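# Dropping a prediction and its sequence here:
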Amino acid sequence: MSKAHFGLVGLGVMGENLVLNAERNGFSSVVYNRTYSKTEEFLKGRGLNKKISGAKDLREFVDKLERPRRILMMVKAGKATDAVINQISPFLEEGDLLIDGGNSLFTDTERRVAELEKQSFGYIGMGVSGGSKGALEGPSMMPGGTKKSYTAIESLLTKMAAQVDDGPCVTYIGPGGSGHFVKTVHNGIEYGIEQILSESYDLMKRVCRLECNQISDVFKFWNTTEELSSYLVEITQACLKVKDPLDGSALVEKIMDKAGQKGTGLWTVISALELGASVPTIYASLNARVMSSLKSQRQVAEQILNSPQIKTFDLGNSSNGMGPIMDSVVLSSIASYAQGIEIMKIASDEYSYDLDMTSIAQIWKGGCIIRSSLLKRIQDAYNNNPDLQNLLLDPWFSNQVSKRIAGLSTTVSCAALAGVPVPCFSSTLDYINSYRTSRLPQNLVQAMRDCFGSHTYERLDKQGSFHTNWID
Ligand code: 6PG
């Protein structure tokens, strides 16, 4: 019997869909799952009449694969991934390649690449985005590791990936854990945009008094615009229309307002803090999830800390796409991308990843959760100027800031007066206002630091380091 081209460990939804994707693209496959009953179920169900076979144990699994073996692990990040690596390594031979397609912490991937490459195996840490549908039809993939290992799986990945006008949504990201690092930042941006869209829904509902159907129509319109056309706007429009079969009212209003998280948004913010990247919009989205989880405290506080009565403000109307709210969504989404890129640029230098922003924007244009038409503009911006310091400084994006900052300011002010929290909108406004101010008040911070701790300060008018006895 001829050997299979490709192996998959872990038959969760993502794993199942990725192996079906590989098989559809001409790669005969073998699958292994910790519980064999799951493998049998898959082979009798979705895997039936396909060039996919199963293995009862890892020895059999490895034996069924052609050499050099290409094995994708789709298991839980952390200990489960280490466990699979330890169990399968004794059966691998020189040149075989393990790919981790989970949402692993990039420092874990750094360690695994170093350990596995020492044993002459290849190891790729690969971010995969697109959810279960993307995995089946074509995800965006962010593989990192050695170039040699990437080359060994390039033909497989380029066929499996989503395709956009200028090619497949996969490229070699860089060495070590860079693939998982870039996927982590992708998720940080994802957190940001999810929160931004939720803030706009809240304002339309509580301040503009629109019904879910009407809000859905606004999202539908936004999805036709160059600035906001995106996967997340598209699914928001759809979610807002779904009715609860029990009483026909909007289902979204029945959902508990507590958002969970699996770690990648937190890792993005931790990395940003460690690297000294300014990411207030992304951080605000993470904190909004934390605050949302304090449901019972918020219920008590609502009775004690009186909020202003919600007032109705003119935040636009459906015929102009809710002007100021749309401005806020556009600028905050741009800020999320700009901040994500900022983290990647600093990490690229700090960890010698040599990341290419143009190709990262290119592979995010299709398949992934944050795909949007803005990514074409981002790709153009870095194509025109690879040394661009901040996305906001590109002419197209700076023009968006000029056109929309008044709308964002209006939205944030009205939300504040109405007592409606808009953490991403207000953080974005402060981000832009800080970034476009050449003289910030940190001169006074420096004076205080020097006053109580002799930390010294620099002057604008002279070179050197200065100390003053501020108080006699
Ligand atoms: C993707 C998603 C995917 C997953 C996130 C969700 O790109 O396909 O990012 O990886 O949905 O992990 O993360 P939270 O559960 O933390 O929101």
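Good, I have the coordinates.

# Please count neighbours and contacts with C-alpha atoms only from this point.
Noted.

# Show me the shaky parts of the stretch 101-250 of the chain.
Counting by pLDDT under 70, not a single residue of the stretch 101-250 of the chain qualifies.

# Residue 117 against residue 124, yeah?
No - between residue 117 and residue 124 there is no contact under Cα atoms under 8 Å: 10.0 Å.

# And those two? Which one has more around it.
Per other Cα atoms under 10 Å, whichever of residue 117 and residue 124 has more neighbours is residue 124, with 31 against 17.

# which element follows the one helix or strand the more buried one maps to toward the C-terminus?
Assessed by DSSP states H and E, residue 124 sits inside strand 122-129. As assigned by DSSP H and E, the chain's next helix or strand after strand 122-129 is helix 131-137.

# So that following helix, near the ligand or not?
Yes - residues of helix 131-137 contacting the ligand under Cα under 6 Å from any ligand atom: residue 131.

# The strand holding residue 124 - contacts with which helices or strands?
Packing partners of strand 122-129 (3 or more Cα pairs under 8 Å, 6 or more residues apart in numbering; DSSP states H and E): strand 97-100, helix 106-118, strand 140-144, helix 147-160, helix 178-206.

# One more pass at 10 Å, please.
When contacts are defined as 3 or more Cα pairs under 10 Å, 6 or more residues apart in numbering; DSSP states H and E, strand 122-129 sits against strand 70-73, strand 97-100, helix 106-118, helix 131-137, strand 140-144, helix 147-160, helix 178-206.

# any idea which of those is most buried?
Ranked by mean neighbour count under mean count of other Cα atoms under 10 Å, the helices and strands packed on strand 122-129 are led by strand 140-144, which reaches a mean of 32.

# near the ligand at all, it?
No - Strand 140-144 stays clear of the ligand (Cα under 6 Å from any ligand atom), getting no nearer than 8.3 Å.

# Spell out which residues of the stretch 101-250 of the chain are next to the ligand.
By the rule Cα under 6 Å from any ligand atom, the part of the stretch 101-250 of the chain lying against the ligand is 129, 130, 131, 187.

# got TSV for these, with distance to residue 16 too?
Output for those, formatted as TSV (distance: Cα to Cα, whole Å):
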residue	distance to residue 16
129	15
130	14
131	12
187	22
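
# Pull the most distant pair out of the residues you listed.
131 and 187 (11.9 Å; Cα to Cα).

# quick one: common contacting residues for these two?
Both residue 131 and residue 187 are contacted by residue 369, under the criterion Cα atoms under 10 Å, 6 or more residues apart in numbering.

# Going along the chain, name the helices of the stretch 201-350 of the chain.
212-222, 231-239, 264-275, 280-292, 295-304, 323-350 (DSSP state H, counting those that start in this stretch).

# how is the protein carved up into domains?
Following automatic domain parsing, one finds the domains of the chain at 6-176, 183-435, 440-472.

# Contact partners for the residue sitting nearest the centre point of the chain?
When Cα atoms, centre = their mean is applied to the chain, the residue found nearest the centroid is residue 187 (1.8 Å). The contact partners of residue 187, by Cα under 10 Å, 6+ apart, come to 103, 129, 181, 193, 263-268, 282, 340, 369-370.

# Grab the nearest non-local neighbour of residue 204.
residue 210 (5.7 Å; Cα to Cα, 6 or more residues apart in numbering).

# try residue 221
Nearest residue to residue 221, sequence neighbours excluded (Cα to Cα, 6+ apart): residue 321, at 6.8 Å.

# likewise residue 454?
Nearest non-adjacent residue to residue 454, counting by Cα to Cα, 6+ apart: residue 467, 6.4 Å away.

# okay, now residue 363: neighbour count?
Residue 363, neighbours per other Cα under 10 Å, totals 27.

# isn't it right up against residue 372?
No - applying Cα atoms under 10 Å, one finds residue 363 not in contact with residue 372, separated by 11.3 Å.

# Show me which residues of the stretch 301-450 of the chain sit near the ligand.
Contact residues (Cα under 6 Å from any ligand atom) of the stretch 301-450 of the chain with the ligand: 368, 369.

# can we see that at 8 Å?
Within the stretch 301-450 of the chain, the positions near the ligand by Cα under 8 Å from any ligand atom are 368, 369, 370.

# burial measure for the residue of the stretch 1-150 of the chain found nearest the ligand, as a count.
Across the stretch 1-150 of the chain, no residue is closer to the ligand than residue 129, which sits at 3.4 Å (Cα to the nearest ligand atom). When neighbours are defined as other Cα under 10 Å, residue 129 has 27 of them.

# Quick check: bridge partners of it?
For residue 129, the beta-bridge partners under DSSP bridges are residue 140.

# Let me see the contact set for it.
With Cα under 10 Å, 6+ apart as the criterion, the residues that contact residue 129 are 101-103, 135, 138-142, 183, 186-187, 364, 366-371.

# Go again with 7 Å.
For residue 129, the contacting residues are 139, 140, 141, 367, 368, 369, by Cα atoms under 7 Å, 6 or more residues apart in numbering.

# And for residue 458?
The neighbourhood of residue 458, defined by Cα under 7 Å, 6+ apart, consists of 464, 465, 466.

# any chance of the residues you listed in JSON lines, plus pLDDT and distance to residue 384?
As requested, the contacts of residue 458 are arranged in JSON lines below (pLDDT from 0 to 100; distance: Cα to Cα, whole Å):
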{"residue": "464", "pLDDT": "98", "distance to residue 384": "37"}
{"residue": "465", "pLDDT": "98", "distance to residue 384": "39"}
{"residue": "466", "pLDDT": "98", "distance to residue 384": "41"}
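
# Of those residues, which is the nearest to the ligand?
Using Cα to the nearest ligand atom, residue 465 is the member of the contacts of residue 458 that sits closest to the ligand, with 44.7 Å.

# What number of residues are in the vicinity of the closest one?
10.

# and the nearest residue in space to it that is not next to it in sequence, what pLDDT?
In space, and not counting its chain neighbours, residue 465 is closest to residue 458: 5.1 Å by Cα to Cα, 6+ apart. For residue 458, the pLDDT comes out at 98.

# So what does residue 458 have for phi and psi?
phi -100, psi 160 (degrees, to the nearest 10).

# circling back to that earlier point, buried residues of the strand holding residue 124, list them for me.
Neighbour-count burial for strand 122-129 flags 122, 123, 124, 125, 126, 127, 128, 129 (criterion: 16 or more other Cα atoms under 10 Å).
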